[in-house]
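Asker: Pasted the sequence and its predicted model underneath.
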Amino acid sequence: MSFFQRPKTLAEVGEHILLGADAGMEIKDFLHEFQAGGSPSMLQQAPPALAGLVGKGAMLDAFLQALAVYLSVKIDDDPPSWTHPAIQLPEPWFASPGAAIRNYLLLSSPAPFRSRNLFIDEDSLIVV
């Protein structure tokens, strides 16, 4: 599925994923929009719940929530109310399957992700 406009809110990211868009591409496109002019309004509306509706939906729900908290800190704003309580995955999810990189991800993952049992490299949130 192809979308012609980048999502301008995290809610749009979730809506596009529900319609079949690639989650990774939607998140990166949103990060480009946020970098160009990030504002609290881009984070305020909760994305639709994805758990049970798309593959890795529970992980994506936790990821979008963590991303909202992470970006709120970047713009010196309070996280949106829909990010509480934090969704915590029952099992850790690592952005890379390699055992060697897991220790690095455990240590370097930003706090909003780590607290939700998501382990990513912070560099993956940077777009150029």
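Answerer: On my side now, so go ahead.
Asker: what are the ranges of the strands in the chain?
Answerer: Here the chain has its strands, by DSSP state E, at 93-94, 118-119.
Asker: among the helices and strands of the chain, which one scores worst on average pLDDT?
Answerer: helix 99-108 (a mean of 91; mean pLDDT, DSSP states H and E).
Asker: Quick check: longest helix in this protein by residues?
Answerer: Secondary structure of the chain per DSSP state H: the longest helix is helix 57-74.
Asker: thinking again about what came up before, show me what counts as buried in the least confident helix or strand of the chain.
Answerer: For helix 99-108, a neighbour-count test (16 or more other Cβ atoms under 10 Å) marks residue 105 as buried. (Each C-beta comes from the backbone N, C-alpha and C, glycine too.)
Asker: That one: how far from the chain's middle?
Answerer: Its chain's average C-alpha position is 19 Å from that of helix 99-108, according to Cα atoms, centre = their mean, to the nearest Å.
Asker: Pull the residues that contact it.
Answerer: Under the contact criterion Cβ atoms under 8 Å, 6 or more residues apart in numbering, helix 99-108 has outside partners 94-96, 114, 119-122.
Asker: Now the buried members of these.
Answerer: Burial of the contacts of helix 99-108 was assessed by neighbour count (16+ other Cβ under 10 Å); the buried members are 94, 114, 119-120.
Asker: List the residues that contact the closest residue to residue 43 other than its chain neighbours.
Answerer: If the residues on either side of it in the chain are set aside, residue 43 comes closest to residue 68, at 4.7 Å by Cβ to Cβ, 6 or more residues apart in numbering. Under the criterion of Cβ under 8 Å, 6+ apart, the contact list for residue 68 reads 10, 43, 79-80, 82-83.
Asker: residue contacts, the residue nearest in space to the middle of the chain?
Answerer: Here the mean C-alpha position of the chain is nearest to the C-alpha of residue 64 (Cα atoms, centre = their mean), at a distance of 3.2 Å. The contact partners of residue 64, taken as Cβ under 8 Å, 6+ apart, are 10, 13-14, 47, 50.
Asker: from those, which single one is nearest residue 89?
Answerer: Relative to residue 89, the closest of those is residue 50; by Cβ to Cβ it sits at 13.0 Å.
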